[in-house]
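A.B. asks: Sequence isn't available, so here's the structure alone:
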C-alpha cells in the first residue's frame, strides 16, 4: 500500500528533476557553439520544461496543501527542492554539459520505459509522452560523445575530464528512499537499482567506442532527494524564481 | 567557434504529409549527413511541419545559371502546343 503523501513526494521529485535540468540546458540558449546546436539544445530544454509542467500539474492535484504548479515551482526554496544533484551542477563547458546530458539520457530512457508500465495511470501517461523525447535526446547526446571523444585531442581531453568530474554524481540516480521503495512495491515507481544494468549497457560501449575511459566508481555524492544540495542550486533558483518572488502572482 | 566556417552546408527538404512531395525549406550547417538530419529535425519540424526529411549537401546541387536563361527557357515561350490548354477538348471531358 502507499499513501498520497509518498506519491506526491515522488512526483514532486520528478518534477524538480525536470525543471532544474531544463533550466540548466536553457542557459545554452544563444550561447551554444553554433546556431543549429543552439536551436537543438533549446528544444531539449523545452522538452524538460514541458515534462516539469506535467509532473508539477499532477503533484498539484495530489498536494494536501492545495498549491498549484506555479507555487510548487516558484515558491519553494533550496531545502524543499528534491532534484538529483547531477542535474543542478553548473553547465560548465560544452563537454561538461554533453557528458551530463548523455549520462542522464541513458538513465531517463530505461526509467521512462519502466514508468510507462506504472500502475498510476497519470505517471504512465506522462512517461509515455516523455519517453519518445528521451529516445531522441539519447541519440543526440550519444552522437556528441562519439564526436567529441573520438574528435580532436582537446575535445577528448575536455570530455574525459568532464566525465571524471561528474561520475560520482551518477550513483544518486540509482538510489531510492524508503518511501519510494514502497511505491516500487506497489508497482507505481520503477526500481532504480534494477535500471543500473540497462544504464551500463547504454553508457559503457559508447564510451569505449569514443575512446574514453570509464571513470572508476571510487566516490559518490547524494542528498538531493533530502533537500541537501550543492551551493549551485540557490543561484539557479534565484534566477528561475526572481519574477514570482519580486512580483508575487504576476501573470504573463 | 572556429570550426563553423569548415562545416559543410546542407539543403533541407521536408514532406509535410504522406503523398505530397518533399519541398525545399532552407539550409543549415552540420558536420555530416547524420547530424544534418538531426538539426533539420530540430530547426525545421518543431511545429509538426513534416513526416519525412531529406538532406542534401549544397555542393552536390547543380544549378542552372542566370545567363543561360535565354537559351534554356525562352524557346518555350512560343510553343503553346506544348500546353494541354492549347487543345480543344471534347465536351465530355470537363475540367482539364
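C.D. replies: Sure, I can see it. Nothing here was measured: the structure is a model prediction, and the numbers come from that model.

A.B. asks: Need the three-state assignment for the residue nearest the centre of chain B.
C.D. replies: Centroid-nearest residue in chain B, with Cα atoms, centre = their mean: residue B:24, separated by 4.0 Å. The local conformation at residue B:24, judged by DSSP: H, G, I helix; E, B strand; the rest coil, is strand.

A.B. asks: wait, isn't it in contact with residue B:13?
C.D. replies: Yes. Using Cβ atoms under 8 Å, residue B:24 is in contact with residue B:13, at 5.5 Å. Quick note: C-beta positions are derived from backbone N, CA and C, even for glycine.

A.B. asks: need the contact list for residue A:214.
C.D. replies: Residues counted as contacts of residue A:214 (Cβ atoms under 8 Å, 6 or more residues apart in numbering or on different chains) are A:163, A:203, A:204, A:207, A:208.

A.B. asks: please redo it, this time with the cut-off set to 6 Å
C.D. replies: For residue A:214, the contact set (Cβ atoms under 6 Å, 6 or more residues apart in numbering or on different chains) comprises A:204, A:207.

A.B. asks: Need the pLDDT of it.
C.D. replies: Here the pLDDT value assigned to residue A:214 is 98.

A.B. asks: Please apply the same query to residue B:3.
C.D. replies: For residue B:3, the pLDDT comes out at 47.

A.B. asks: Over to residue A:211?
C.D. replies: Note on residue A:211: pLDDT of 98.

A.B. asks: Now do the closest residue to it other than its chain neighbours: how many residues are near it, please.
C.D. replies: Leaving out its chain neighbours, the residue that sits closest to residue A:211 by Cβ to Cβ, 6 or more residues apart in numbering or on different chains is residue A:150, at 5.2 Å. Residue A:150 has 14 neighbours, counted by other Cβ atoms under 10 Å in any protein chain shown.

A.B. asks: Run through the chain and note the low-pLDDT ranges.
C.D. replies: Just so you know, I chose chain A. Applying pLDDT under 70 to chain A flags the ranges A:1-2.

A.B. asks: try chain B instead
C.D. replies: Applying pLDDT under 70 to chain B flags residues B:1-5, B:94-96.

A.B. asks: Please repeat the previous calculation with a cut-off of 50.
C.D. replies: B:1-3 (pLDDT under 50).

A.B. asks: tell me the strands in it, going along the chain?
C.D. replies: Remark: strands assigned in chain B by DSSP state E are B:9-15, B:23-29, B:52-57.

A.B. asks: tell me the helices in the chain, going along the chain?
C.D. replies: No chain was given, so I picked chain A. A:4-26, A:35-62, A:69-74, A:85-88, A:94-115, A:121-149, A:153-166, A:178-185, A:196-209, A:232-246 (DSSP state H).

A.B. asks: wait, chain B
C.D. replies: B:33-44, B:69-73.

A.B. asks: Packed most tightly, which of these would that be?
C.D. replies: helix B:33-44 (a mean of 20; mean count of other Cβ atoms under 10 Å in any protein chain shown).

A.B. asks: circling back to that earlier point, for the helices of chain B, give me TSV that also has distance to chain A.
C.D. replies: Converted to TSV, these look like this (distance: least, Cβ to the nearest Cβ, whole Å):
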stretch	distance to chain A
helix B:33-44	4
helix B:69-73	33
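
A.B. asks: wait, what's in contact with the residue nearest to the centre of chain B?
C.D. replies: residue B:13.

A.B. asks: Can you give me the distance of it to chain A?
C.D. replies: 17 Å (Cβ to the nearest Cβ, to the nearest Å).

A.B. asks: quick one: that residue from residue B:61, how far?
C.D. replies: With distances taken as Cβ to Cβ, to the nearest Å, residue B:24 is found 10 Å from residue B:61.

A.B. asks: Equivalent analysis for residue A:24, please.
C.D. replies: According to Cβ to Cβ, residue A:24 and residue B:61 sit 39 Å apart.

A.B. asks: Identify the residue nearest residue B:42 in space, chain neighbours excluded?
C.D. replies: In space, residue B:42 is closest to residue A:40, 4.0 Å off (Cβ to Cβ, 6+ apart).

A.B. asks: Run a quick check on the one you found versus residue B:43, I expect a contact.
C.D. replies: No. Using Cβ atoms under 6 Å, residue A:40 is not in contact with residue B:43, being 7.6 Å away.
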